[in-house]
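Undergrad: Just to be clear, the model below is a prediction. Sequence and coordinates:
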Amino acid sequence: MRYWKVRWHHEFAEEPIAIYSEIGPDDYETRRVEEFGDGRLGWADQDREHGGTSLAYTEFGDIEEVREQPEFSALVITEREFDAVWRRAVESS
């Protein structure tokens, strides 16, 4: 598994400012958390969706491809960091 945190730099109130992704060995997302500017958290896994968040049903490539786009800042995070955000999102729903 791979874990990413992607910050999206924009001015759209209804779009997330941070996206946390768990990416499986097949390069598809298995869990996702979206953090919004007002503090809301949306989340999704392969069976459930909450807060308007859904998985990206496209293959994830290399994080460098995301980093090359000026509207994004992308970091590799640990499983522990992802799980902490995931628990917070699910518990707040």
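TA: Received, thanks.

Undergrad: ranges for the helices of this structure?
TA: For the chain, applying DSSP state H gives helices covering 63-67, 79-91.

Undergrad: just the strands in this protein please.
TA: 2-8, 18-23, 29-35, 41-45, 49-50, 72-76 (DSSP state E).

Undergrad: circling back: out of the helices of the chain, flag the one nearest Phe12.
TA: helix 63-67 (18.1 Å; C-beta to C-beta). For the C-beta atoms, the positions are set from N, CA and C on the backbone; glycine is no exception.

Undergrad: which secondary structure elements does that closest one contact?
TA: Packed against helix 63-67 by the contact rule (3 or more C-beta pairs under 8 Å, 6 or more residues apart in numbering; DSSP states H and E) you find strand 2-8, strand 72-76.

Undergrad: Tell me how far it lies from the chain's centre.
TA: Put simply, helix 63-67 sits 14 Å off its chain's centre (C-alpha atoms, centre = their mean, to the nearest Å).

Undergrad: Now do the buried residues in that helix.
TA: 63, 66 (16 or more other C-beta atoms under 10 Å).

Undergrad: now stretch 27-37
TA: Neighbour count says stretch 27-37 has 29, 31-36 buried, by 16+ other C-beta under 10 Å.

Undergrad: Which single one of the residues you listed is nearest to Asp62?
TA: Nearest member of the buried residues of stretch 27-37 to Asp62, counting by C-beta to C-beta, is Glu29, at 14.9 Å.

Undergrad: Who does that closest one form a beta bridge with?
TA: Ile23 (DSSP bridges).

Undergrad: and what of Glu35?
TA: Beta-bridge partners of Glu35, as defined by DSSP bridges: Ala18, Leu41.

Undergrad: Lovely, talk soon.
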